[in-house]
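**Q** need a structure here:
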Amino acid sequence: MARMQIIAILFSLGLLAYILRIISRKSLKEEYSLLWLGVSIVFLIFSAWRQGLEMMANLLGVAYAPAALFIILLVGMLLILIQFSMILSQLSDRSRVMAQKYALLKLELETLKEEVARWSDRDKEAGTDLPAPAKESGPGA
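**A** Numbers count the residues shown, from 1 in each chain. Model prediction:
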């Protein structure tokens, strides 16, 4: 086995172990981990299977087969970045909608407070202000 192949196998095993570890610790949700797992498994397969790597290198037109590993890794990372961009776009939209709903609720609350204050002022002017509630007596009071 060539030194580059051993390094690639060790790197891909380390990546796979790390991904499995952060999934088991719930630091990475399963739905986002599928692409990471796929990339690391493909990288491991091509790291260990030299003939497959050479076939892939020939398909890609790469003269040095281990360099094809880096192309595969680059494509995998590109796919992951696209997935994250899609997730970020969705979260941005949700955040905007949530901020709008918050603003509407805040406006509604302020309107209700003003309305309660007006009714309270009218009751005071008319002398129909409600008495304060009596304090409860008992073991909980």
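
**Q** now the residue sitting nearest the centre point of the chain: closest residue in space that isn't a chain neighbour?
**A** Among the residues of the chain, the one closest to the centroid is Ile87, at 6.8 Å (CA atoms, centre = their mean). Take Ile87 and drop its neighbours on the chain: the residue closest to it by CB to CB, 6 or more residues apart in numbering is Tyr32, 7.4 Å away. Yep, even glycine has a C-beta here, placed from its N, CA and C like the rest.

**Q** likewise for Ile41?
**A** Leu16 (6.8 Å).

**Q** how far is the helix or strand where the one you found lies from where the chain is centred?
**A** Assigned by DSSP states H and E, Leu16 falls within helix 3-24. With CA atoms, centre = their mean, to the nearest Å as the basis, helix 3-24 stands 23 Å off its chain's centre.

**Q** what is the burial count for Ser47?
**A** By other CB atoms under 10 Å, 23 other residues sit near Ser47.

**Q** show me the contacts for it.
**A** Going by CB atoms under 8 Å, 6 or more residues apart in numbering, Ser47 touches 5, 8-9, 11-12, 53, 69.

**Q** just flag the most distant two among those residues.
**A** Comparing all pairs in the contacts of Ser47 by CB to CB, the longest separation belongs to Phe11 and Leu53, at 14.1 Å.

**Q** which neighbouring elements make contact with the helix or strand harbouring Glu114?
**A** Using DSSP H and E, Glu114 maps to helix 65-126. Applying 3 or more CB pairs under 8 Å, 6 or more residues apart in numbering; DSSP states H and E, one finds that helix 65-126 contacts helix 3-24, helix 30-48, helix 50-60.

**Q** so where's the chain uncertain?
**A** By pLDDT under 70, the low-scoring segments of the chain are 128-141.

**Q** just checking, the residue nearest to Ile87 touches Gln83?
**A** Yes: Tyr32 is within contact range of Gln83, at 7.3 Å (criterion: CB atoms under 8 Å).

**Q** which residue of this structure sits farthest from its center?
**A** Gly127 (57.7 Å).
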